[in-house]
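1. task: produce atomic coordinates for the following.
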Amino acid sequence: MPNRYNGKDHDEIRNTDDEDTMLLPDDLNDYREYQQRRQELPPLRKKVNTPPRPQQKNGERVYTSNAPQFPQSGPPPQFPHSSAPPPPPMHQQQGQYYDYNQQPPQNYSGYNNSGYTQTPPPAAPTAPPPPQRPAAQKKPAPTPEPEYKPKKKKRKHKSLVRKIIGRIIKSLLAIFLVLFGIYSCTSLSLISKMNHVETGNRTHYADNVGRGHVRSVLVIGTDGRTNDDRGRSDSMILVSLNSKTNELIMTSFMRDCYVEIPDNGWNKLNAAYAFGGPELLMDTIEYNFDVRIDDYVTIDFASFVSVVESVGGIDIEVSDEEAEEINVILISEVNELMGDDRMSDLLEHGGKLHLNGKQALSYSRIRKVGNSDFERTSRQRRVMSLIIAKMKSFRPTMFKNLASDVIPDVSTNMSTFNAYLLSLRLPFAARYKMKQIQIPAENTFYGEDVDVGNVLRVDFDQNMDVIQNEVFAK
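-> Prediction:
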């Protein structure tokens, strides 16, 4: 790179920043005279073309036209001062005219009475005129791109739909979790109030191979008058949930069936409960009818009355003979058992009646109207089905009554965990079709008088087939 002072000593370089060369307030008169002389110059022609910008080559500026170029910054022009030609007039150089109204050059060497003095750059060789470029041809109009707006709108639409669906799913999931939590807490609170007892000695005589789609619980209604009185099994109803056929099956086992009780000989079925409690009763049913039973629930007279009262009573068709028998049972045992006056809650006639807890219990115990125990078990299943139907429309008052009056008097051998798992199936079972079965089935028994009284002789093979086809159907 050439020396920035072009061979001059430092002392020979004129300081352009001292006080004598600066435009000071006292020099404004000279500046005004300079501006006045510029205004007296003849008018300028129109510019032919705009001079191109200077280019650099090997560190030096190269000018492509004869127009004077005023460097904005950088080192001073490099040419010997002794041989420098006098600068052309300010208003015309090399045939080009310039506007004196332009701003004065930024790099100046000083100021005197005649105006600015500029050190011009060396005259560059005149460059040949640039070749005339052919007239620009009009470019063909670009082919319009296909419209993608519908696609973008569709994508936006799809994105919006996905967001809406996602929010709906999240909202439904949150609602489900809240409802599931409420249901679980309610179910566990009721289960915890039940009287849980350990399962005694069992000898299973039936297996559950191929029957896993059916969940069964034996509901035992006893004729015990107190919690300490075991009594006998007044009703035995096997409640089964079949997930294949979506059915809730209630199978009544008649108390007068003449069966073999393991280690106790032949006797009526309800005697098994008196001999060995619910464990021996379940073993007896398994041994004679090939039905696997693991869990049971026992309800006494007082619990039955509380169940009916908790659901607000039941509406049922009652004949005049049945109404009269209900009054007899109320007077003879039920009113006294519940601590009421013997003549309370008597019926005046039959018909479509609304029965309270005591009246429904008396209706379930009728034996002397109709076909003895066959109609008795039918009445019991009818009452149970009405109770289940009322429970489907669960109300807060119903929960309160069940929790305070019913559940504490109910005994079961189910663990809390198994009872909770069963409760999770109940909402689905609410839409199951209910079906009722009676064992022994019609034309599969005959009556006989034996040493234990009048009994029903049962064809066990035929009744096993009925249970298999009706309860464990797929």
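2. got the domain ranges for this protein?
-> The chain breaks down by automatic domain parsing into domains covering 1-126, 196-470.
3. what stretches of the chain score poorly on pLDDT?
-> In the predicted model, the chain carries pLDDT under 70 at residues 1-158, 224-231, 394.
4. tell me the first helix or strand C-terminal of the longest helix seen in it.
-> Secondary structure of the chain per DSSP state H: the longest helix is helix 149-192. Following helix 149-192 in sequence order, the next helix or strand is strand 195-196 (DSSP states H and E).
5. next SSE downstream of that following strand?
-> Using DSSP H and E, the helix or strand that follows strand 195-196 in sequence is strand 214-222.
6. tell me which strands that next one pairs with, and in which orientation.
-> strand 233-242 (antiparallel), strand 295-299 (parallel) (DSSP bridges).
7. packing partners for the very next helix or strand once past the first one?
-> Under the assignment DSSP H and E, the closest C-terminal helix or strand after strand 233-242 is strand 247-253. Secondary-structure packing of strand 247-253 (3 or more CB pairs under 8 Å, 6 or more residues apart in numbering; DSSP states H and E): strand 233-242, helix 372-392, strand 433-439, helix 460-470. Quick note: C-beta positions are derived from backbone N, CA and C, even for glycine.
8. give me the contact list for the second one.
-> Right, the one you point to is helix 372-392. Residues outside helix 372-392 that contact it (CB atoms under 8 Å, 6 or more residues apart in numbering): 219, 221, 235, 237, 248, 250, 252, 254-256, 307-308, 311-312, 314-316, 360, 363-367, 369, 398, 430, 434, 436, 438.
9. Leu355: neighbour count?
-> Leu355 has 22 neighbouring residues, counting by other CB atoms under 10 Å.
10. wait, it sits on Gly313?
-> Yes. Leu355 is in contact with Gly313 according to CB atoms under 8 Å; the separation is 5.9 Å.
11. which residues are common contacts for those two?
-> With the criterion set as CB under 8 Å, 6+ apart, the contacts of Leu355 and Gly313 do not overlap.
12. returning to what we had before: just the buried ones among the contacts of helix 372-392, please.
-> Buried by 16 or more other CB atoms under 10 Å: 219, 221, 235, 237, 248, 250, 252, 254-256, 307-308, 311, 314, 316, 360, 363-366, 369, 398, 436, 438, out of the contacts of helix 372-392.
13. and Asn469, how many neighbours?
-> Applying other CB under 10 Å, we find 10 residues neighbouring Asn469.
14. where's it relative to Asn267, distance?
-> With distances taken as CB to CB, to the nearest Å, Asn469 is found 28 Å from Asn267.
15. now the strands for the stretch 301-450 of the chain?
-> 314-318, 351-355, 411-412, 433-439, 445-450 (DSSP state E, counting those that start in this stretch).
16. give the pairing partners of the second one; include direction for each.
-> With DSSP bridges as the criterion, the sheet partners recorded for strand 351-355 are strand 314-318 (antiparallel).
17. try the shortest one
-> Based on DSSP bridges, the strands next to strand 411-412 in the sheet, each with its direction, are strand 195-196 (parallel), strand 295-299 (antiparallel).
18. let me have the ones you listed in CSV, extended by mean neighbour count and distance to Ile261.
-> CSV is the format used below for those (neighbours: other CB atoms under 10 Å; distance: least, CB to CB, whole Å):
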stretch, mean neighbour count, distance to Ile261
strand 195-196, 14, 25
strand 295-299, 21, 17
